[in-house]
Every structure is written in C-alpha cells, then in structure tokens.
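J.: 3D, please:
(one chain, ligands or ions: 1)
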Amino acid sequence: MVKILSVVGARPQFVKLAPVAHAMVGRAEHIVVHTGQHYDELMSDVFFRDLGIPAPDVNLAIGSGNHGAQTGAMLEGIEEVLLERRPDWVLVYGDTNSTLAAAVAAIKLHIPVAHLEAGLRSFNRRMPEEHNRVLTDHASDLLLAPTAVAAAHLSNEGLAEKTVVVGDVMTDVLTGVRDRVAGDPLPDLVSEGDYYVATIHRPDNTDDADHLRGIVDGLAALDKPVLLLAHPRLVHTAERLGVALEGGSLQTRAPLAYPQLVRAVMGAAGVITDSGGLQKEAFLLRTPATTVRPETEWVETVDLGWNVLVAPERDAIVEAVHRPAPHATEETPYGDGSAAVRVVDELLARS
Ligand code: UD1
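T.: Alright, predicted model coming up:
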C-alpha cells in the first residue's frame, strides 16, 4: 500500500486533515505527524475528538517560539520521522510554520511533497503565512489548489505543470458538520440572528496597540452583542498592551470547538474576523463577513458581496458591519465538498 505522511500542527490544519484522513481509509497507509505548534486542549485535542480524526502517530511537541526557532525545531524533528518512516509522499497543509518545516524536511530527503491549499496569495510580505506558502509551493512536487484563482497564481509563477485544482477541503468538513449541528443550542446568552461572532489573531492586528484598540472599540460600538472568541495570542498581547477586551457590546469568550463554532456562525447576524478559514466558512453558511485586513486570499467571498475588507479602525468597522444584507447567491467557488477524495486520487495516481 502507498504510504502517505501528513504533517499538521495548527488549528486550521486539523480541520483540513479531517476529510483527508477519512478519504485515506482503505486506500493508503496514512501516517499523521503533529508538530505540537498548537498544544492547548481547545487549540488541538478537541478537533481530533470532534472531527473523528485518529490520534497522531507522532507528536513532536515543539510548542511556541520565534519563527526561526520554532520552524528549525520542527525541521529537525520531522527529518528524523521521515528517515524512520520513509513515506512515498509527504502531504503538507496550508501556510503555517509547520507547513514550511515539513516541506523543507521532505525535499532535503528527496521525498515527494504535495501541498494542499496551494496557490493562495495575499501579496502581503508582512504576513508570515505568505512566506510559508510561496516557499512551500516552490518546493513542492504536486500543488493541490483549492480554486481557479489559486491555480492562476501558480501559473503566473511558472508552476502550472505541477498544479491540479481539487477544490477546498474545508468545504468538505463544513458541509458534513453544518447538517449535524443545525438543531444544536446556540452559545449561552445570545439569541438567533441577534449577535455577532468575532475572532482576531493576526500579529498585525493583535501586536499593534493602535490597531488592537481600533478593533476593540469598533466591536464594542456594534448594535448587537459580539462574542469575541479569543485566541491565546490575542489574550496575551491585549494584556501586555493594556487593552481591555470588554465594554459596550463586546463579550470575550474562550475559543469554541469546531462544531460549536459552525453552529454559532450559522446563527449570527455577521462575522468579524481576520482568519482566512472563518471568512470562507461564513460565506459557505451565508453569514455576512467583515474582514479586518488590507487584503484576502479568498477573493471570491468579496467579489460575491459576502465579505468586506476594513482597516483596524472603529468607524470603518462599525460602518462595514452595519451595511445592508448581501444578495443571495448560488455560486460554489470552493467546490462540491469532495475535494479530499480528489486529493487521495491525485496522490495515488502519482505513486
Ligand atoms: C498560527 C499560524 C497561522 C494560523 C494560526 C491559526 C504560523 C506562522 N501562523 O498562528 O497561520 O492562522 O496558527 O490559529 O504558523 N499559543 C497558546 N497555545 C497554543 C498555541 C499558541 O497559548 O496551543 C500562544 C502562544 O503564546 C504563542 C502564540 O499563541 O506564542 C502564537 O502561536 P503560533 O502557533 O506561533 O501562531 P498563531 O498566531 O497561532
């Protein structure tokens, strides 16, 4: 049987791993390596449990650190695992430091690398994810692109021959979970359609006191309660910068597990975020999104009118969130929910 080794480490990668791990069953020997980039119960274990992903075969427990130290420690750890397991393919996901470390470890050992979610670009070199994705795409042997726009970026960079559009695996997961949680209760103290969900975790927003204050003031001034599901980075930096994560409409809560997050977004009047995944999930659930970033990789959500980009400033946020509802759409730019099966097909066809 073909041996495929997946490397994951951060929260959005566990979500992407879920449908891929299910699609591998009976078709390939699948080894899962967790770098330990995310390690809190709510940032890691809960995703494996809720999404029915088997426990990782290896957990490198690298933890947090500066980019170089963290990526370097992962590189060393992953190399050892690859030398021991000798897979036919290494599959890497998205754009975190775990993605780049795995791609580099594999190419140095001449093991073919496939990059899932290839070709996304923000063209913003301040984002650590942008370095990770560009470098990983150029290192990889097979580029599994989620959308036609992503494939066009790869083509512009001379990578068309290695590219296949498979669709978006997060759409696969969401489609299943949405139906499962539709009748579940909402988060405490909110009622259907009468609250917003917010997440903020990008360094450009959390680590700059003016940006963070602008965002918090904007959320506090909204016309309905705002559930701010706080990533640990946000909690740590807000405390360090002396910015209170409360006041007005703003209520800060712990991050939600994936099914509860999906349910909360389904019932919300809107989502305010800087997360790539959540912008897209909001669109798929037809909840309007406001993205606190200068650009987005998921341009389809903006083009179809369901996502608006705003600066980290109070009035801009309030105006964008209070905008009129977008027009209904039947477009499916992210595929039909069977991307993971295509991922496995493509890997097996090349083994
Ligand atoms: C990482 C990814 C980002 C992804 C995000 C999803 C990189 C460069 N960034 O960002 O692309 O969108 O994950 O969440 O790979 N921390 C904890 N507990 C944890 C994990 C982190 O307390 O389980 C805290 C630590 O203080 C850590 C900080 O959060 O220093 C940032 O974690 P890190 O993994 O470095 O980056 P993220 O901001 O989570």
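
J.: end to end on stretch 39-46, go ahead and measure it.
T.: 10 Å (CA to CA, to the nearest Å).

J.: buried sites along that stretch?
T.: Tyr39, Leu42, Met43, Ser44, Val46 (16 or more other CB atoms under 10 Å). Any C-beta I mention is one placed from the backbone N, CA and C, and that applies to glycine too.

J.: and the stretch 201-350 of the chain, which residues reach the ligand?
T.: His201, His231, Pro232, Arg233, His236 (CB under 6 Å from any ligand atom).

J.: now the buried residues of stretch 39-46 as TSV including pLDDT and secondary structure?
T.: Converted to TSV, these look like this (pLDDT from 0 to 100; DSSP: H, G, I helix; E, B strand; the rest coil):
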residue	pLDDT	secondary structure
Tyr39	97	coil
Leu42	93	helix
Met43	95	helix
Ser44	96	coil
Val46	96	helix
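
J.: one step back: out of the residues of the stretch 201-350 of the chain next to the ligand, flag the one nearest to the ligand.
T.: Comparing those against the ligand with CB to the nearest ligand atom places Pro232 closest, at 3.2 Å.

J.: out of the residues of the stretch 201-350 of the chain next to the ligand, who's the most crowded?
T.: Neighbour counts for these, by other CB atoms under 10 Å, peak at His231, which reaches 23 neighbours.

J.: thought that one was touching Pro255?
T.: Yes - if you go by CB atoms under 8 Å, His231 and Pro255 touch, sitting 6.3 Å apart.

J.: so where do the strands sit in the protein?
T.: For the chain, the strands defined by DSSP state E cover 3-8, 29-34, 58-59, 89-93, 113-116, 142-145, 163-165, 196-199, 226-229, 250-253, 270-273, 289-291, 307-309.

J.: got CSV for the ones you listed, with mean pLDDT and mean neighbour count too?
T.: Formatted as CSV, the strands of the chain follow (pLDDT from 0 to 100; neighbours: other CB atoms under 10 Å):
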stretch, mean pLDDT, mean neighbour count
strand 3-8, 98, 25
strand 29-34, 98, 22
strand 58-59, 98, 18
strand 89-93, 99, 28
strand 113-116, 98, 25
strand 142-145, 98, 26
strand 163-165, 98, 20
strand 196-199, 98, 26
strand 226-229, 98, 24
strand 250-253, 97, 19
strand 270-273, 98, 26
strand 289-291, 98, 27
strand 307-309, 98, 20
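
J.: can you list these in CSV and add distance to Met74?
T.: Shown next, in CSV, are those (distance: least, CB to CB, whole Å):
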stretch, distance to Met74
strand 3-8, 8
strand 29-34, 10
strand 58-59, 12
strand 89-93, 11
strand 113-116, 15
strand 142-145, 21
strand 163-165, 26
strand 196-199, 25
strand 226-229, 26
strand 250-253, 30
strand 270-273, 27
strand 289-291, 29
strand 307-309, 32
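
J.: so which of these is nearest Pro185?
T.: Among these, the nearest to Pro185 by CB to CB is strand 226-229 (14.0 Å).

J.: any idea how many residues pack against Ser140?
T.: Neighbours around Ser140, by other CB under 10 Å: 24.

J.: can I assume it is in contact with Ala103?
T.: Yes - using CB under 8 Å, Ser140 is in contact with Ala103, at 6.1 Å.

J.: what do those two both touch?
T.: Residues within reach of Ser140 and of Ala103 at once, by CB atoms under 8 Å, 6 or more residues apart in numbering, are Val92, Val113, His115.

J.: of the residues you listed, closest to the ligand?
T.: Scanning the shared contacts of Ser140 and Ala103 for proximity to the ligand, where the rule is CB to the nearest ligand atom, the winner is Val92, at 12.0 Å.

J.: one step back: rebuild the residues of the stretch 201-350 of the chain next to the ligand as JSON lines, extending it with pLDDT and distance to Ala23.
T.: Output for those, formatted as JSON lines (pLDDT from 0 to 100; distance: CB to CB, whole Å):
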{"residue": "His201", "pLDDT": "96", "distance to Ala23": "29"}
{"residue": "His231", "pLDDT": "95", "distance to Ala23": "29"}
{"residue": "Pro232", "pLDDT": "94", "distance to Ala23": "31"}
{"residue": "Arg233", "pLDDT": "92", "distance to Ala23": "32"}
{"residue": "His236", "pLDDT": "96", "distance to Ala23": "36"}
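
J.: would you confirm that Asp95 contacts Leu135?
T.: No - Asp95 is beyond contact range of Leu135, at 9.8 Å (criterion: CB under 8 Å).

J.: between those two, which has more neighbouring residues?
T.: Between Asp95 and Leu135, counting by other CB under 10 Å, Asp95 is the more crowded of the two (29 against 15).

J.: quick one, what contacts the more buried one?
T.: So Asp95 contacts Glu117, Leu120, Glu129, Glu130, Asn132, Arg133, Thr136 (CB under 8 Å, 6+ apart).

J.: the third one and Gln13, how far apart?
T.: Yep, that's Glu129 we're talking about. 12 Å (CB to CB, to the nearest Å).

J.: and if you look at the fifth one?
T.: Computed as CB to CB, the Asn132 to Gln13 distance reads 12 Å.

J.: the two: which is more packed in?
T.: For Asn132 versus Gln13, the count of surrounding residues by other CB under 10 Å is larger for Gln13: 26 against 22.

J.: now do the same for Leu189: its pLDDT.
T.: We have a pLDDT of 87 for Leu189.

J.: so which residues of the stretch 151-300 of the chain form helices?
T.: For the stretch 151-300 of the chain, applying DSSP state H, counting those that start in this stretch gives helices covering 169-181, 203-206, 209-220, 232-241, 258-267, 276-284, 299-303.
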